Every structure is written in structure tokens, then in C-alpha cells.
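Undergrad: Let's see this in three dimensions:
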Amino acid sequence: MSARALILAVLAAAWLAPASVARAQSIADQVDAVRDGKVRMSFAARAGVCGDGRGGISTSGGFARMRRSSDDWESDCEPGPVRLVLRIRDGDVEAIDTYVGGRWRPAGQGIRDLGVVSAPGAARYLLALARRSEAGVGK
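TA: The predicted model follows:
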């Protein structure tokens, strides 16, 4: 192996190692590590899902604009990703805020940002949370 190939192999291994370590922990493991605070995550939305960044979400098949509560006004509808904020108290997820569009503000104290997670992984986590939760998030 040439010196250049060896250097490239070492750099690739060093670059990939943190990602593989992060993937080793499931979403549930990372959320369960938070006793009190918020956990953020983002994942890809399916085609046609868009939102105004304030909680208004449309699944109407890719319309460029989204109709809100007024017949006189429309807001822009930005395509995904889906952004979730899990609000956790005493180790239990008490509420989930869902957004599409907009952007995160910088994470402050008490906020754990999982970054972008896989959509299937997020779906598995949320379904498991719904099954086991006695709080309102289970409904």
C-alpha cells in the first residue's frame, strides 16, 4: 500500500468513525438519556409535504402554496424536512411539536439536537412511543 493510499484510508476511517458511533445509539437511547429538557430531530418528509414553519402542515400533493384559516390569505408552503421537538419531563415525553418549513434557532441550554435521523427510524420510534406512553403523546 502506498503512503498516499494509507493516508487516505486513515483519513476515511477517522471521518467515518464518529458517524458510525452516533448511529450505534438508537433514537430511543438518545431520547431516554434526557431527563428534563427538549430533544430535536429532523427527517425527510415524503413528496408533497410542506409547511409554513409555524406548525401549519399540508400533505396536499405538492401545492406550492398552502391555504390557512382565511379565504383571503395564503402563506408560503416550504417542502420538508419534518422537524420534531420532544418535550421531556422526569424522563417522560410529555409533548411533541411538529414543524415543516422554517429553520431551527440555535440550540440553547437543555436542548439535545439529534440532527437528521432516518425517516423510518423516526417512524419506528414514534410508533413505539405511542404504544408505551400513558401521556397525551400516546394518543
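
Undergrad: isn't Thr98 right up against Ile57?
TA: Yes - Thr98 is within contact range of Ile57, at 6.9 Å (criterion: CB atoms under 8 Å). In this view, the C-beta of every residue, glycine as well, is placed from N, C-alpha and C.

Undergrad: Quickly find the element holding Leu84.
TA: Leu84 belongs to strand 82-89 when elements are defined using DSSP states H and E.

Undergrad: If you count contacts, what does the following helix or strand past that strand end up packed against?
TA: Counting by DSSP H and E, the next helix or strand C-terminal to strand 82-89 is strand 92-100. For strand 92-100, the packing partners by 3 or more CB pairs under 8 Å, 6 or more residues apart in numbering; DSSP states H and E come out as strand 50-51, strand 57-58, strand 82-89.

Undergrad: could you say what helices and strands the strand holding Leu84 packs with?
TA: Counting by 3+ CB pairs under 8 Å, 6+ apart, strand 82-89 packs on strand 37-43, strand 92-100, helix 119-132.

Undergrad: Turn those into a markdown table, columns for mean neighbour count and mean pLDDT.
TA: Formatted as a markdown table, the helices and strands packed on strand 82-89 follow (neighbours: other CB atoms under 10 Å; pLDDT from 0 to 100):
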| stretch | mean neighbour count | mean pLDDT |
| --- | --- | --- |
| strand 37-43 | 19 | 95 |
| strand 92-100 | 16 | 91 |
| helix 119-132 | 14 | 93 |
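
Undergrad: got the ones you listed as TSV, with distance to Asp29 columns?
TA: Output for the helices and strands packed on strand 82-89, formatted as TSV (distance: least, CB to CB, whole Å):
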stretch	distance to Asp29
strand 37-43	11
strand 92-100	14
helix 119-132	10
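
Undergrad: Quick one: residues contacting Ser118.
TA: Phe43 (CB atoms under 8 Å, 6 or more residues apart in numbering).
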